[in-house]
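Trainee: This is a predicted model, with the sequence first.
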Amino acid sequence: MSHLVGPETDLSSLNDLQRLELAQKIKDESNATQALIGPAEPIEVLEKEYAGGEGVEQFVAKARWLRDVGDFIALRRTRGDGDCFYRSFAFAFIQRLLHFNDRPMHHFILKHVEDTKSLLKQAGFDESVYVDFYNPFHDLLLRMHTTDPQVSELTDADLQRAFNDPETSNSIVVYLRLLTSAYLKLNEEDFLPFLFTLEDEYQSSFDGGPPTMEKFCANQVEAIGKEADHVQIAALSRCLKVSLDVAYLSRSGAPPATPLAEEYDETQAMQVPGHEAEAQRAKDDATHCDIVHFEIPGAVAHIDIGTLLFRPGHYDILINAPEVASPEIVIPRAK
């Protein structure tokens, strides 16, 4: 693209393919300068981000709602590279366990994560494929409640440094993608109905044939840079025994109902999944953010990792007031 576009280039002279290449180059260059996991920023940055734009009043109002009603005080951005859901999920998961400061729960989660290797074997993955991606994830968990004098206890600063190291961060992303794929394949009956509701861009993965879980996992889950949707979120949360919320900052709100068991939080004036969802959504105040809760059916022990913020094509991490329990987290307030 560099030989096509220069300071003197008339952009109107570019054809459609060249325009697409230019847009992708700009996006790639922007991503390259953005941290994989950013520091906590005051929630007011969302409102400022949209303020002054044309036709964005609804976004500004929803950003205010997150602060005033949702009780969120900060935002942690992730790089918009298509892996943002898995990276956000992993960071929130490890940080919540770190702040939970509960040795028995840590032992339970650590043992469960160690057992996920057998899940991958059961799904047909060779150990040589996943072990190098598993180790960085496991190593961070081992640094909590450690009794080994040679191992330094994990801190928030350590965690952020680890997630901004490309090798560590991307390895964890790949492992979570493989876990999601394995869980979907081993629980195909629960998730296959969702594939028939996918939008056109996903349907192209099936080459005109009926949806299959094998093709979906190969093209939409295991592939690096592919965004996650409800089915991936539900599968990964169930696999790792964690619940989470997803707040939707978009014009249309949360996606239509799926055959899965995620719930809308009625305490936040959310909608109930089902055939009445669209009608109910139309009645709700357009300034509210839909929040979808992904719960673990029948789970006796699990942790809640908080809330991710979804904007079309991207996930970030929201921080609410009760979460600020660690002295290492400093949340700057807007002046």
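Mentor: Okay, I see it.
Trainee: Helices along the chain, start to end?
Mentor: 16-33, 44-50, 57-68, 84-100, 103-122, 127-142, 156-163, 166-186, 188-195, 200-203, 213-216, 230-240, 277-283 (DSSP state H).
Trainee: which residues are contacting the longest one?
Mentor: Here helix 166-186 makes contact (C-beta atoms under 8 Å, 6 or more residues apart in numbering) with 36-37, 83, 86-87, 89-90, 116, 119-120, 122-125, 129-130, 132-137, 162-163, 191, 213-214, 216-217, 221-222, 224, 228, 231-232, 235-236, 238-240. In this view, the C-beta of every residue, glycine as well, is placed from N, C-alpha and C.
Trainee: By residue count, which strand of this structure is the longest?
Mentor: In the chain, taking DSSP state E as the definition, the longest strand is strand 303-311.
Trainee: Given that one, what are its sheet partners and their directions?
Mentor: Sheet pairing of strand 303-311 (DSSP bridges) gives strand 242-248 (parallel), strand 314-320 (antiparallel).
Trainee: Reformat those as a markdown table; add distance to L186 and mean neighbour count.
Mentor: Shown next, in a markdown table, are the strands paired with strand 303-311 (distance: least, C-beta to C-beta, whole Å; neighbours: other C-beta atoms under 10 Å):
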| stretch | distance to L186 | mean neighbour count |
| --- | --- | --- |
| strand 242-248 | 18 | 22 |
| strand 314-320 | 25 | 22 |
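Trainee: Can you check which of these gets nearest to D156?
Mentor: Of all the strands paired with strand 303-311, strand 314-320 sits nearest to D156, with 11.7 Å by C-beta to C-beta.
Trainee: could you give the mean pLDDT of that closest one?
Mentor: Strand 314-320 shows a mean pLDDT of 96.
Trainee: same deal with stretch 239-250?
Mentor: 93.
Trainee: ditto for stretch 182-190
Mentor: Rounded mean pLDDT across stretch 182-190 is 96.
Trainee: what does stretch 98-106 give?
Mentor: Mean pLDDT, stretch 98-106: 90.
Trainee: residues of it that come out buried?
Mentor: Neighbour counts using 16 or more other C-beta atoms under 10 Å place 98-100, 106 of stretch 98-106 among the buried residues.
Trainee: Listing request: residues of the stretch 151-300 of the chain with sub-threshold pLDDT.
Mentor: 199-208, 252-285, 299-300 (pLDDT under 70).
Trainee: Recalculate using a threshold of 50.
Mentor: Counting by pLDDT under 50, the low-confidence segments of the stretch 151-300 of the chain come to 259, 261, 264-279, 282-283.
Trainee: burial measure for the residue lying closest to Y175 once chain neighbours are set aside, as a count.
Mentor: Sequence neighbours aside, F133 is the residue nearest to Y175 in space, at 4.0 Å (criterion: C-beta to C-beta, 6 or more residues apart in numbering). Using other C-beta atoms under 10 Å, F133 is surrounded by 19 other residues.
Trainee: Next, the contact list for F133, please.
Mentor: Neighbouring residues of F133 by C-beta under 8 Å, 6+ apart: 171-172, 174-175, 178.
Trainee: And the pLDDT for it?
Mentor: pLDDT recorded at F133 is 97.
Trainee: How many residues are close by the nearest residue to G53 once chain neighbours are set aside?
Mentor: Computed as C-beta to C-beta, 6+ apart, the closest residue to G53 that is not its neighbour in sequence is F59, at 7.8 Å. For F59, the count of nearby residues is 20 (other C-beta under 10 Å).
Trainee: Over to P312?
Mentor: When neighbours are counted by other C-beta under 10 Å, P312 registers 10.
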